[in-house]
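Visitor: This is the structure alone, sequence omitted:
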């Protein structure tokens, strides 16, 4: 073929293609990205390194059991002490010893990754200006200022019932022993405390005040936790206010977790975009009443209708139907007047008695 081997718009790779997936047992080690800029090696000072490692340990589901165990030990050691402060200072060294002791006993699952996490990060990290995470392009704020596009706005869902909004300052890849690494976003968080009316939502339009800053000691988030947002000038409230614009990126779908999905498969939601015909095979219908034993009805035969004389009303009540059948046995023929008052035409209908042992017949 003429175009064989030629890149066209139909076969060109996606611009926002993710990095190759690497299966890891620890969730934090799955926070990866595809860098779009050259990585610059940066030495980590002790303060930044401690904050980064502390955040990684606190946001790893596999370390929750160790965090709870250490906090319990601290509480039992001294009931009057500041437990949270002691727990924060001592957990890293305690966790290191705990993991190595379990490894010596041979009772440690996913030992390589836990040992790497317990040993601490390397003193040298890599800094990037742009990357792609989950099919979305992120750019640091310093690089974003020189562009007409915007890719530095980030949002993280909070546990207090509202979102945290900020801007991406730096993309940092923290390395561990054994070729493991974690990609972190260092962010500047705007003070959007809704209690102080720093966030206003009217008609599903959210405006935030960007004049203040908070959580200066908690700058890091996992790259996989970030959701991209865009900030537009709020012409109504002034220069310190921005309208938050959330978008759905092309070829990116937000699938719910399995725990959030409804287990009832009998419910058909009207949000389904497929056009389909729902077919139900009844087979043999079993009619069960409280005082009558179950009777099988063959759906291949349609039941006969018993027509009453009163105003042409059809009654499906079983007791009334039985009385009508008894009256039909005493008469040779039931005449039903289907004509108007001015005519004398009548329509004779033969009524067959329905036995309880036989199928319904017409």
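Guide: That came through, no problem. What you see is a predicted model; the values in this text were computed from it and never measured.

Visitor: in the longest helix that the chain contains, what's buried?
Guide: Longest helix in the chain by number of residues (criterion: DSSP state H): helix 83-105. Applying a neighbour-count criterion of 16 or more other Cβ atoms under 10 Å, one finds 83, 86-87, 91, 94-95, 98-99, 102 buried in helix 83-105. Just so you know, the C-beta spots here come from the backbone N, C-alpha and C atoms, and that holds for glycine as well.

Visitor: avg pLDDT for that helix?
Guide: Averaged across helix 83-105, the pLDDT comes to 92.

Visitor: so what does that helix touch, helix or strand wise?
Guide: On a contact count with 3 or more Cβ pairs under 8 Å, 6 or more residues apart in numbering; DSSP states H and E, helix 83-105 meets helix 46-58, helix 64-77, helix 111-119.

Visitor: closest one to residue 140 among those helices?
Guide: Relative to residue 140, the nearest member of these by Cβ to Cβ is helix 46-58, separated by 16.3 Å.

Visitor: Can you list the helices and strands that that closest one packs against?
Guide: Short answer (3+ Cβ pairs under 8 Å, 6+ apart): helix 46-58 packs on helix 83-105, strand 163-176, strand 180-190, strand 220-222.

Visitor: What is the least confident helix or strand in this structure?
Guide: When the helices and strands of the chain are scored by mean pLDDT, DSSP states H and E, strand 334-336 comes last with a mean of 43.

Visitor: Looking at the helices and strands packed on helix 46-58, which is nearest to residue 201?
Guide: strand 163-176 (10.4 Å).

Visitor: Packing partners of the closest one?
Guide: Counting by 3+ Cβ pairs under 8 Å, 6+ apart, strand 163-176 packs on helix 46-58, helix 111-119, strand 124-128, strand 136-139, helix 141-144, strand 153-157, strand 180-190.

Visitor: Quick check: residue 69 vs residue 55, distance?
Guide: 20 Å (Cβ to Cβ, to the nearest Å).

Visitor: And the two? Which one has more around it.
Guide: residue 55 (19 against 13; other Cβ atoms under 10 Å).

Visitor: Can you say which of the helices and strands packed on helix 83-105 is nearest to residue 167?
Guide: helix 46-58 (18.1 Å).

Visitor: angle of the closest one against helix 111-119?
Guide: 140 degrees (axes from the mean of the first three to the mean of the last three Cα atoms, to 10 degrees).

Visitor: Which residues does helix 46-58 contact?
Guide: With Cβ atoms under 8 Å, 6 or more residues apart in numbering as the test, helix 46-58 has contacts from 28, 44, 63, 67, 88, 91-92, 95, 117, 120-121, 123, 172, 174, 182, 184, 217-221.

Visitor: And for stretch 145-154?
Guide: By Cβ under 8 Å, 6+ apart, the list of residues contacting stretch 145-154 reads 130, 137-141, 143-144, 165-168, 185, 187, 221, 226-231, 244.

Visitor: Tell me which of the helices and strands packed on helix 83-105 sits most buried.
Guide: helix 111-119 (a mean of 19; mean count of other Cβ atoms under 10 Å).

Visitor: what comes into contact with it?
Guide: 24-26, 28-29, 56-57, 60, 62-63, 95-96, 98-100, 103, 108, 176-178, 180.

Visitor: quick one on the thing from earlier: filter the contacts of helix 46-58 to the buried ones?
Guide: 28, 44, 63, 91, 95, 117, 120-121, 172, 174, 182, 184, 219-221.

Visitor: How about residue 144: what's its closest non-neighbour residue?
Guide: Taking Cβ to Cβ, 6 or more residues apart in numbering, and ignoring the residues beside it in sequence, residue 144 has residue 152 as its nearest neighbour in space, at 4.2 Å.

Visitor: how many other residues sit next to that neighbour?
Guide: Quick note: residue 152 (other Cβ under 10 Å) scores 25 neighbours.

Visitor: so which of the helices and strands packed on helix 46-58 gets nearest residue 237?
Guide: strand 180-190 (14.1 Å).

Visitor: circling back: distance to residue 206 added to the buried residues of helix 83-105, as a markdown table?
Guide: Listed next are the buried residues of helix 83-105 as a markdown table, based on distance: Cβ to Cβ, whole Å:
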| residue | distance to residue 206 |
| --- | --- |
| 83 | 37 |
| 86 | 39 |
| 87 | 35 |
| 91 | 36 |
| 94 | 42 |
| 95 | 39 |
| 98 | 43 |
| 99 | 43 |
| 102 | 46 |
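
Visitor: among those residues, which two are most distant?
Guide: With Cβ to Cβ as the measure, no two of the buried residues of helix 83-105 lie farther apart than 83 and 102, at 23.9 Å.

Visitor: Contacts only, for residue 75.
Guide: Contacts of residue 75 by Cβ under 8 Å, 6+ apart are residue 83.

Visitor: For it, give its distance to residue 89.
Guide: In terms of Cβ to Cβ, residue 75 sits 15 Å off from residue 89.

Visitor: before we move on, what about residue 103?
Guide: 24 Å.

Visitor: do residue 120 as well
Guide: From residue 120 to residue 89 the distance is 15 Å (Cβ to Cβ).
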